[in-house]
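1. no sequence for this one, just the structure:
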C-alpha cells in the first residue's frame, strides 16, 4: 500500500496563523492573501543539482535524467556554436542547457500557473499620460 503524501504545514505570512484548509487563498484570521510556494516536485527520480553539475559537458545533465535525444542535441549544438563564429551564443546556449537540465521537470506546473494568477496589479499611468488624457477630454 503506497504511503499517503504528507503536505507541509502552511502558515500565514502576515499573522503567522496556521492554514488548515489545503486550498485556501486567504487567511481566515487576518484576510491576507496566501501564496502557494511549493515550487519543486518531490517525486522526481533524479537530483537537479547533479543534473546542473553534469551539464559542464553540454547534454550530460539531460542524459542523466533519461532524456537521451535532448542530451544528444545539446551535445551537438552547443559546441557547434562555441567553435563557430558565435562563442557568446554558444555560452548562452550552455547556460540555458544547464538551467534546463536542473529545472526541467523539477518545477511544478501548478506553481507556475498559481504564480501567474497572483501577479502585481497594472501600474498606474504617469503624470504625462494623465495630463494628455485630461487634455483629450476637453
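-> The structure has been received and is ready for your questions. Keep in mind that what you see is a predicted model, and the values were worked out from it rather than measured. Residues are numbered from 1 along each chain as shown.

2. please parse this structure into its domains.
-> Annotated domains of the chain cover 8-38, 48-103 [automatic domain parsing].

3. out of those domains, which is the most enclosed?
-> Comparing the domains of the chain by mean neighbour count (mean count of other CB atoms under 10 Å), domain 48-103 ranks first with a mean of 17. Where C-beta positions appear, they are placed from N, C-alpha and C, glycine not excepted.

4. pull up the distance across that one, start to finish.
-> Its start and end residues considered, domain 48-103 measures 7 Å (CA to CA, to the nearest Å).

5. what of stretch 18-28?
-> From its first residue to its last, stretch 18-28 covers 10 Å (CA to CA).

6. list the contacts of it.
-> Residues outside stretch 18-28 that contact it (CB atoms under 8 Å, 6 or more residues apart in numbering): 7, 9, 10, 11, 12, 14, 15, 17, 32, 33, 34.

7. quick one: these as a markdown table, columns for distance to residue 53 too.
-> Shown next, in a markdown table, are those (distance: CB to CB, whole Å):
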| residue | distance to residue 53 |
| --- | --- |
| 7 | 30 |
| 9 | 32 |
| 10 | 32 |
| 11 | 33 |
| 12 | 37 |
| 14 | 38 |
| 15 | 41 |
| 17 | 40 |
| 32 | 39 |
| 33 | 37 |
| 34 | 35 |
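
8. between those, which sits nearest residue 63?
-> Nearest to residue 63 out of the contacts of stretch 18-28 is residue 7 (CB to CB; 33.0 Å).

9. one step back: out of the domains of the chain, which is closest to residue 129?
-> Here domain 8-38 is closest among those (CB to CB), at 28.7 Å.

10. how far is that closest one from where the chain is centred?
-> Relative to the centre of its chain, domain 8-38 is centred 21 Å away, using CA atoms, centre = their mean, to the nearest Å.
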